[in-house]
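1. predicted model and sequence follow; I will ask about them next.
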Amino acid sequence: MSRERLGSRLGFILLSAGCAIGIGNVWKFPYMVGQNGGGLFVLIYLFFLIVLGVPVMTMEFSLGRASQKSPAKMYQELEPQGSKWHFHGIAAVIGNYILMMFYTTVCGWMLRYFVDTAKGDFVGLDSSGVGQHFETMLSQAGMQVLFMGISVAIGFVVCSIGLQNGLEKITKIMMIVLLVIMIVLAVNSIFMDGGEEGLKFYLLPDVNRIKEIGIANVVVAAMNQAFFTLSLGMGAMAIFGSYIEKKRTLMGEAVSVALLDTFVAVASGLIIFPACFAYNVEVNSGPSLIFITLPNIFNNIPLGRLWGSLFFVFMSFAALSTVLTVFEGILACTMDLFDWSRKKSCMINGILMFLLSLPCALGFNVLSGFKPFGEGTSVLDLEDFIVSNLILPIGSLMFILFCTSKKGWGWDKFMTEANTGKGIKIKNGMRFYMSYILPVIIVALFFVSMYNFFKG
């Protein structure tokens, strides 16, 4: 069976960015900035995006394009005879499933908030009323499962239509509309009365704030966010590498995706922080920031219900773009492993994904007694920890070692593949950095991350 192909370079960049752009940017990035002291966190995050994110993404794209396979079979095509690299392929596939086990629930929240905003449920509520609405939503087990199920269904129905006609076409439309609405909302937020303090918090580095939190904590949080936001380390990007031709160099494509991803992350902060300060909402309130801040804002601006509905449509688009692209990765793996058709793969994975996502959807109500890391934590925190703190950094390390080691694919083969086509090329002078310094940074930060997490 010949490998499916994407129809255009724009489709490839928007799909890869769609995988990267999701709740990592518009949900997780703003609250991570809030919890980690504002402007300086943003700078450290951007640094990690360039020095860690772009090289690892280039490697993932290269592995996919060279092997023409999904992570499930990629290593078998490229590894030296008798080696055991392919075990990481299995871990990468599992990582995609675990990511979706909680991502589908949060995507369901976005869809639910669109419905509630459009119905006018937030009109007339004060800040505490909006906060209570979020708590009530989490406690409704049936509705949590319903909206999670809708997310799963949308994902697999779109993917079942096919790569070009389904996934590529729909993601292109969603991503372009998402970018337009974010620009409009950011401009609106920046000019709110009282928003200047929010812009200062977000854009101006403040060393004193960082000292309070601890520089090591901020650095590790920024590194994890760079991995989380680009979906690196579990082969999601390798899938799209396997769908493209050899017309462009892969570091150039990685830079394009990282720039688009960064634009959305920064724009989401420009929407949220001026509004937080304008309406006295705590910037370090954690994951619920977006569900409490934004309805308050929309209650206080002209045509707020319309803007709010639009915003949560596009929040849903951002989350769905990742759901669609990671589902495509899961489908590619199962099609490679079992030689199933796309339709059969969608049917089986749709049922499996729904069942696997139930613990997270029920984690705030039926299973709320399960507190994996102590009071205030849930199934979502456990699944997020496994993906963000374990699978993504360890997976990225595996990709680096495989691409640079003589016992793996090797530097020369990696560089030849990455540099095929027009665009930014990897120089041989980068070899020492990518082979030795990059792995050491990731290992060191991984252990600091573990220490901080369990110490806290």
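-> The structure has been received and is ready for your questions. Numbering: from 1, shown residues only.
2. quick one: the helices in the stretch 201-350 of the chain?
-> Ranges of helices within the stretch 201-350 of the chain are 207-213, 215-230, 236-241, 250-278, 289-299, 304-338, 342-361, based on DSSP state H, counting those that start in this stretch.
3. of the ones you listed, flag the one that's most buried.
-> Burial of the helices of the stretch 201-350 of the chain is given as mean neighbour count (mean count of other C-beta atoms under 10 Å); helix 236-241 ranks first at a mean of 28. From N, CA and C alone the C-beta is placed, and that goes for glycine too.
4. related to what we said a few turns ago, format the helices of the stretch 201-350 of the chain as JSON lines; extra columns: distance to Ser8 and mean pLDDT.
-> Listed next are these as JSON lines, based on distance: least, C-beta to C-beta, whole Å; pLDDT from 0 to 100:
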{"stretch": "helix 207-213", "distance to Ser8": "43", "mean pLDDT": "85"}
{"stretch": "helix 215-230", "distance to Ser8": "22", "mean pLDDT": "81"}
{"stretch": "helix 236-241", "distance to Ser8": "13", "mean pLDDT": "91"}
{"stretch": "helix 250-278", "distance to Ser8": "13", "mean pLDDT": "89"}
{"stretch": "helix 289-299", "distance to Ser8": "32", "mean pLDDT": "78"}
{"stretch": "helix 304-338", "distance to Ser8": "16", "mean pLDDT": "89"}
{"stretch": "helix 342-361", "distance to Ser8": "20", "mean pLDDT": "97"}
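5. tell me how many other residues crowd Val42.
-> 23 (other C-beta atoms under 10 Å).
6. I should have written Tyr75 there, sorry.
-> Other residues near Tyr75 come to 25 when the count uses other C-beta under 10 Å.
7. how about the nearest residue to it, chain neighbours excluded?
-> Nearest non-adjacent residue to Tyr75, counting by C-beta to C-beta, 6 or more residues apart in numbering: His86, 3.9 Å away.
8. so who does the one you found touch?
-> Tyr75, Gln76, Glu79 (C-beta atoms under 8 Å, 6 or more residues apart in numbering).
9. relative to Tyr97, which of these is nearest.
-> Tyr75 (18.3 Å; C-beta to C-beta).
10. just checking, that closest one touches Trp85?
-> Yes. Using C-beta atoms under 8 Å, Tyr75 is in contact with Trp85, at 4.4 Å.
11. can you work out which residues contact both of these two?
-> Phe402.
12. please identify which helix or strand holds Ala91.
-> helix 86-119 (DSSP states H and E).
13. buried sites along that helix?
-> Of the residues in helix 86-119, 86, 88-89, 91-93, 95-114, 116-117 count as buried by neighbour count, 16 or more other C-beta atoms under 10 Å.
14. count the residues that sit near the closest residue to Arg305 other than its chain neighbours.
-> Nearest residue to Arg305, sequence neighbours excluded (C-beta to C-beta, 6+ apart): Gly120, at 5.9 Å. Applying other C-beta under 10 Å, we find 11 residues neighbouring Gly120.
15. next one: phi and psi at Gly120?
-> Here is the backbone geometry of Gly120 (degrees, to the nearest 10): phi 90, psi 20.
16. quick one: low-confidence parts of the stretch 101-250 of the chain?
-> Counting by pLDDT under 70, the stretch 101-250 of the chain contains low-confidence residues at 228.
17. ok, now which ones touch Phe432?
-> Phe432 neighbours (C-beta under 8 Å, 6+ apart): none.
18. tell me which element it is part of?
-> With DSSP H and E as the test, Phe432 turns up in helix 431-432.
19. chain center to that helix, what's the gap?
-> With C-alpha atoms, centre = their mean, to the nearest Å as the basis, helix 431-432 stands 28 Å off its chain's centre.
20. repeat that for stretch 84-93.
-> With C-alpha atoms, centre = their mean, you get 21 Å for stretch 84-93.
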